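>>> Predicted model and sequence follow; I will ask about them next.
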Amino acid sequence: MSPRDREASAEERELFCRQIERTGLDPFARQIYVVYRYSRRRRREEMSIETSIDGLRLIAERTGAYEGQTRPYWCGEDGAWRESWPGSEPPVAATVGVHKCGAREATWATAHFVEYAEFWNDSGKPKGFYVSMPRNQLSKCAEALALRKAFPAELSGLYTTEEMARADADVAPQSVDRASGELTPSPGTEESEGGGAPERIDAAEGEVATPPSEGMRAIATAGPAAPAQHRQALRDRMAAAGVSREAVAKLASLYFSQSRADRLTEEQVGELAELVEAIGAGQIADATLKAQLAKAEGRPDRVAARALIASWILGRANERTASTGAPKAPAAHEERAETTGGEA
């Protein structure tokens, strides 16, 4: 754990222990760990449970279906993929394929530098290990994405520190420049190479960690919006499950700090669709869902709130499917952090 200005709460300790139990990962082998990141919004450090890439590989291997992976490939602005990336400039993207028993071909995933690297607000230059080891960091992100795509039931909701470096970066308050019409950081919120907001040391790599936001990804850096057909597929699942737009908007706000579907990435829309499918499998009434989401929104710790909601949804779905003998519900964002009665 990194240096912190407060003790872990009982809820945080319980959540971490349950996550260890759920994943079977060993914190002493650095397969899973807690990172405390400073939140400018709450003026305190927030707990983030993260895994190493070795932890994800171990979970995949335990399924008996993991057959290794391809070597990483990198590309530049020209879009040509290369087996190595010489030179001092960071690659634009990295891609990795994961082999799974029974699959006709490898499951590929691509990570783009601008979506995962941390940047200084004043200079726009990358920082942290994305300066000294950009190839390694980006290939880990691509591999983690591919592993989750290949093994969603086992790995949904588990993220590596390399991914979270940018995913939980605080979005500084912004204002509109009247002359240009562009969004600019409000006075006093800029972060610079020479100073800025308080920072803490990342326990995973010994690197300075960027303060996190309340969402899983910063809206300004979430990447391209999902195609219309993916949003339509989400609406189809909503209709089949009887889930209202209001409830899905609350889910999106809780998980991604963004309630508009047209601003979500393809991956985020897919994760919402899995949650909606689980809600339908559990036959959760829309009013009940919105009531539980309202309770979750009132919690000060958003990480714990997301875990509790996911646990409650998956618990209801699996109870229902167990009674009918149907397959278990998709494990999107599953976290075993139940409260009394299993509700948020």
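Sure, I can see it. Residues are numbered from 1 along each chain as shown.

>>> Can you list the helices and strands that the longest helix along the chain packs against?
In the chain, taking DSSP state H as the definition, the longest helix is helix 302-324. Counting contacts by 3 or more CB pairs under 8 Å, 6 or more residues apart in numbering; DSSP states H and E, helix 302-324 is packed against helix 10-23, strand 44-51, helix 245-256, helix 266-281, helix 286-297. The way it works is simple: take the backbone N, C-alpha and C, and place the C-beta from them, glycine included.

>>> could you redo the last one with a cut-off of 6 Å?
Contacts defined by 3 or more CB pairs under 6 Å, 6 or more residues apart in numbering; DSSP states H and E place helix 302-324 against helix 10-23, helix 266-281.

>>> The last one packs against which elements?
Going back to what we said before, that points to helix 266-281. By 3+ CB pairs under 6 Å, 6+ apart, helix 266-281 packs against helix 228-241, helix 302-324.

>>> Tabulate those (CSV), appending mean neighbour count, distance to Val98 and mean pLDDT.
Converted to CSV, the helices and strands packed on helix 266-281 look like this (neighbours: other CB atoms under 10 Å; distance: least, CB to CB, whole Å; pLDDT from 0 to 100):
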stretch, mean neighbour count, distance to Val98, mean pLDDT
helix 228-241, 15, 21, 83
helix 302-324, 20, 23, 75
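
>>> tell me the mean pLDDT over stretch 264-283?
Average pLDDT, stretch 264-283: 83.

>>> Just the buried residues of that stretch, please?
Judged by neighbour count (16 or more other CB atoms under 10 Å), stretch 264-283 contains these buried residues: 264-265, 267-282.

>>> mind giving me the domain ranges of the protein?
10-221, 228-342 (automatic domain parsing).

>>> all helices of the stretch 101-250 of the chain, in order?
113-116, 129-132, 134-150, 152-155, 161-167, 228-241, 245-256 (DSSP state H, counting those that start in this stretch).

>>> Where does pLDDT dip in the stretch 1-150 of the chain?
1-6, 38-42 (pLDDT under 70).

>>> now with 80?
1-8, 37-46, 121-124 (pLDDT under 80).

>>> For stretch 289-297, buried residues please.
Burial within stretch 289-297, assessed by neighbour count using 16+ other CB under 10 Å, is assigned to Leu289, Lys290, Gln292, Leu293, Lys295, Ala296.

>>> Can you verify my assumption that Ala278 contacts Asn318?
No: here Ala278 lies out of contact with Asn318, judged by CB atoms under 6 Å, at a distance of 8.6 Å.

>>> Please list all residues in contact with the nearest residue to Arg148 once chain neighbours are set aside.
Closest residue to Arg148 apart from its sequence neighbours, by CB to CB, 6 or more residues apart in numbering: Leu155 at 4.6 Å. Leu155 sits next to Leu56, Leu147, Arg148 when contact means CB atoms under 6 Å, 6 or more residues apart in numbering.

>>> per-residue pLDDT, Leu155?
For Leu155, the model assigns a pLDDT of 93.

>>> Any figure for the gap between it and Ala287?
According to CB to CB, to the nearest Å, Leu155 and Ala287 sit 32 Å apart.

>>> count of residues packed around the closest residue to Ala103 other than its chain neighbours?
Nearest non-adjacent residue to Ala103, counting by CB to CB, 6+ apart: Ala150, 7.4 Å away. Neighbour count for Ala150, taken as other CB atoms under 10 Å: 24.

>>> between the helices and strands packed on helix 302-324, which one is nearest to His112?
Checking the helices and strands packed on helix 302-324 against His112 by CB to CB gives helix 266-281 as the closest, at 12.0 Å.

>>> Next, the angle helix 134-150 makes with the closest one.
On the basis of axes from the mean of the first three to the mean of the last three CA atoms, to 10 degrees, helix 266-281 is oriented at 20 degrees to helix 134-150.

>>> Now do the contacts for the closest residue in space to Ser84 that isn't next to it in sequence.
Nearest residue to Ser84, sequence neighbours excluded (CB to CB, 6+ apart): Trp74, at 7.7 Å. Contacts for Trp74 (CB under 6 Å, 6+ apart) come out as Arg82, Trp85, Pro91, Ala94.

>>> And what about Trp74, helix, strand or coil?
Counting by DSSP: H, G, I helix; E, B strand; the rest coil, the backbone at Trp74 sits in strand.

>>> That's all I had, so thanks and see you.
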